[in-house]
Structure formats: structure tokens, C-alpha cells
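>>> Sequence plus predicted model, see below.
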Amino acid sequence: MRYEHAILDLATAAPDALGAVAALADACGGRYTTAVRLRGALAERTWSPRRDFLGGVLDDVATGACSVLERGYLTEVVRPHGLPEGVLQTAVTRGTRRMYRDVLIEEQRLLVELDGRLFHSSRRAREVDLDRDLSNAVERGELTVRLGYDQVFSRPC
């Protein structure tokens with residue numbers, strides 16, 4: 001069995017929509033495969049439960065929604081409220097480090113950073129994020145808004 005088909009099986013068998021999103025986003029975010037290859041594997045299947053849903057998730061992953069939280073931001077906050085989607089995963093180089101910003105809404109000079117629990121729970125990580133926000137404001141004139149799971153899934157309005 002090809003890797004892409006195994007991932008589609010995991011997404012199809014997930015107990016809920018968030019589990020399906022996680023299976024697809026994690027596979028692509030970990031650079032084990034791409035949304036395009038997963039889309040191709042999905043197209044090879046003559047029938048698949050959740051086909052339209054999985055295809056929509058893969059469309060979002062292809063544009064840069066690399067996690068459950070990032071896709072939730074699109075589906076629970078941006079689209080229902082008619083907000084601009086912005087550009088997902090824009091790269092910026094600071095010194096020798098290449099970093100990716102979750103969402104850049106260029107017209108408003110606004111960054112939306114989606115802070116999941118995995119990489120943003122320590123005091124040190126929070127300080128690094130705050131330093132980056134300050135630098136974005138001073139050097140680039142960009143305002144940063146940070147959202148977590150509660151703002152996206154519990155209180156999207």
C-alpha cells in the first residue's frame with residue numbers, strides 16, 4: 001500500500017472531522033507527502049467516504065493550512081465571517097533563520113499567528129513569540145494578532 005493511501009485510510013477512519021484533518025495536515029506538514037499526491041490518491045479511489053470533505057481539506061492544506069488549528073481558522077473564523085483569507089505560510093528570513101508566518105493579510109499589514117499547544121506552551125516560547133511580534137511592528141509596521149484553540153473553536157465570533 002502506498003503511503004498516500006494509508007494516510008487517506010487514516011483520515012477516513014478518524015472518529016471525527018478534526019482527526020481526519022490532523023491525519024492529512026500532519027502528513028503534509030511533516031513533508032512525508034504533499035496535498036497534490038494525496039489528491040491524486042483520492043482520485044484513484046472510485047468511492048471513498050468523506051470524499052468531498054477530504055478533498056476540501058486537501059485544498060486548504062495545499063494553500064498552507066498545515067494544522068488542525070490553521071484549517072479551523074479558515075473554516076470557523078475567516079470564511080463564515082467574510083474576512084480576507086490572506087496568504088498562508090509566508091517565509092521571512094531573520095539573520096540566518098528562515099521562519100514562516102501563519103497568515104499575512106497584506107492590505108491591513110496584519111499577521112495572524114495561530115498558536116497551537118505543542119510549540120507555544122513554554123515561557124521561553126512565549127517570549128520568543130513576543131519578541132518576534134515587537135520586531136514585526138517596529139521593523140515592518142505589521143500588527144500581530146495571536147489566536148489559540150479557544151478563539152478559533154470555542155469563540156470564533
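Thanks, I have it.

>>> Can you check the pLDDT for the residue sitting furthest away from the middle of the chain?
Distance from the centre of the chain peaks at T46, with 28.3 Å (Cα atoms, centre = their mean). Listed pLDDT for T46 reads 84.

>>> show me where this protein has helices.
For the chain, the helices defined by DSSP state H cover 3-13, 17-29, 35-44, 51-62, 68-72, 79-81, 123-135, 149.

>>> for the lowest-mean-pLDDT helix or strand in the chain, packing partners?
In the chain, no helix or strand scores lower on mean pLDDT, DSSP states H and E than helix 123-135, which sits at a mean of 82. Here helix 123-135 touches strand 110-114, strand 143-147, going by 3 or more Cβ pairs under 8 Å, 6 or more residues apart in numbering; DSSP states H and E. Backbone N, C-alpha and C define where each C-beta goes, glycine included.

>>> got JSON lines for these, with mean pLDDT too?
Listed next are those as JSON lines, based on pLDDT from 0 to 100:
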{"stretch": "strand 110-114", "mean pLDDT": "94"}
{"stretch": "strand 143-147", "mean pLDDT": "93"}
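
>>> To V61, which of those lies closest?
strand 110-114 (14.3 Å; Cβ to Cβ).

>>> That closest one pairs with which strands, and in what direction?
Paired strands of strand 110-114, with direction, are strand 97-105 (antiparallel), strand 143-147 (parallel) (DSSP bridges).

>>> Can you tell me what sits against the first one?
This points to strand 97-105. 70, 73, 84-93, 110-114, 132, 142 (Cβ atoms under 8 Å, 6 or more residues apart in numbering).
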